[in-house]
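Q: Predicted model follows, preceded by the sequence.
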Amino acid sequence: GILLPSAISPRFISTGITRNEAVYGGTEKLRETVEKAVAGNPGAVIVISSCVSGIIGDDILSVEDLSTEEVPVITIAAVGDIAGDYMKGIRMCLHALAKRLIRTDVKEKTKSVNLIGEVSLSTNLETNYQIIKDLLERLGIAVNCRFLGGAKVSDVKEFMKAPLNILAAENAFRRLLFHH
């Protein structure tokens, strides 16, 4: 097999649901896992539910109260085929991240752009990005945020600084992302 590009292989922590949690519920185990994650002081903790947690009715929203000023806990109920298909789950995740992380109170940074919708499964993602970045830099333009290819939480929070968004790849999904 091949390794996935860094843009789609972030650091994951799993609750490791067993048959016991599948039968009796896994919310307590989820809370313990999120507490440990928040203690590590990442930029954000993002909780995405699975088919199993959706079917058994685990209350993933209950862990949002573990948010701190520095570490928001963002929950996304993407419960597999219950909520829709794979692409709907990705749209739900991207929308939730944008809604919860992007700040609107930032000062615009002229001569900067956001790249939206890079092809994250591409094995040459970083090479393509470097080419685009170099071309833009020659024009005196900086890349503010790569939504979401290779972006850090701090980049997403500052998304509104850029006065222009560039759609990095053209297809129906990316156009939908671009216009929302």
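A: Looks like it came in fine.

Q: Strands of this structure, start to end?
A: Under the criterion DSSP state E, strands of the chain are mapped to 45-48, 73-76, 112-116, 142-147, 164-167.

Q: how about the nearest residue to Ala169 once chain neighbours are set aside, phi and psi?
A: Leaving aside its sequence neighbours, Ala169 sits nearest to Val119 (Cβ to Cβ, 6 or more residues apart in numbering; 4.9 Å). In short, each C-beta sits where N, CA and C put it, glycine included. Dihedral pair for Val119: phi -80, psi 90, per degrees, to the nearest 10.

Q: Longest helix in this protein, please.
A: The helix that spans the most residues within the chain, counting by DSSP state H, is helix 86-101.

Q: who does that helix touch, helix- and strand-wise?
A: On a contact count with 3 or more Cβ pairs under 8 Å, 6 or more residues apart in numbering; DSSP states H and E, helix 86-101 meets strand 45-48, strand 73-76, helix 153-157, helix 172-178.

Q: quick one: the residue nearest to Ala169 from Asn41, how far?
A: Distance, Val119 to Asn41, by Cβ to Cβ, to the nearest Å: 31 Å.

Q: in stretch 40-47, what's buried?
A: Buried residues in stretch 40-47, counting neighbours by 16 or more other Cβ atoms under 10 Å, are found at 44-47.
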